[in-house]
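# below are the sequence and a predicted model for it; my questions follow.
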Amino acid sequence: MSLKAAIVILGLLWSFQAALGIRFVIDREECFSHKAEYEGDTLHVSFVVVKSDSQWHFNEDGVDLVIHGPTGEQIHDFREQISAKHDFVVQKKGVYRFCFTNKSPYHETIDFDVQLGHFAYYDQHAKDEHFTPLMEQISKLEEALYNIQFEQHWLEAQTDRQAIVNENMSKRAVHKALFESFALIGASLLQVYLLRRLFERKLGMSRV
């Protein structure tokens, strides 16, 4: 088989669909949907709670995510998770729904990624043994490339979350130090005032 033919077949066989990759702010509940065209495809899901709207509060309780199939059946659920990854094989083609629930009183920013991996087999006028090794290699290449992309997005979201956590901790440390400094200064001024009043009273009594 020539290199040109192999490249053409590679282009025909390899089909990978990036469905959804967004960052959104949730109040109470948000739902997203994605249509799976073929049974046997693999849906990959990941999310990271990046930050909370409150600078003085960083939610460690996480959010809930429930995945529903085309007929409303529950595929998987996550409860009070800060971050998670999951993949499953599509058993029924149709629309899949992903519903987040935020139980925190604060708005949360979530990085959400859904990707659908589809490996298309085309009827070629050749013997199976000619294409099976090539198809296996393409499948491995597809999986490797997807894992790199998926992990990169996951790590970027985790890095953003950690940067925000560190920034909030630094702000809290600075605010705490300023508060303690002002409290110390206030206590010192109060002591000076009380001592001055005490000396004035004693001086007034001694004059009498």
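Yep, it's here.
# number of nearby residues for Asp111?
Here the number of neighbours of Asp111 (other Cβ atoms under 10 Å) works out to 22. Every residue, glycine included, has its C-beta placed from N, CA and C.
# same question, the one 4 residues further on
Burial measure for Gln115: 21 neighbouring residues, criterion other Cβ under 10 Å.
# does it belong to a helix, a strand or coil?
Assigned with DSSP: H, G, I helix; E, B strand; the rest coil, Gln115 falls in the strand class.
# for this protein, what spans make up the strands?
If DSSP state E is used as the criterion, the strands of the chain fall at 14-26, 29-36, 42-52, 63-68, 74-81, 83-89, 94-101, 108-119.
# what sits up against the shortest one?
Applying Cβ atoms under 8 Å, 6 or more residues apart in numbering, the contact partners of strand 63-68 are 26, 45, 47, 49, 74-81, 84, 86, 88, 96-104, 108, 110.
# sorry, back to before: from the strands of the chain, which stretch is densest packed?
For the strands of the chain, the stretch with the most neighbours on average is strand 42-52, a mean of 22; neighbours defined as mean count of other Cβ atoms under 10 Å.
# list the helices and strands that strand packs on?
Using 3 or more Cβ pairs under 8 Å, 6 or more residues apart in numbering; DSSP states H and E as the contact test, the elements touching strand 42-52 are strand 63-68, strand 83-89, strand 94-101, strand 108-119, helix 128-207.
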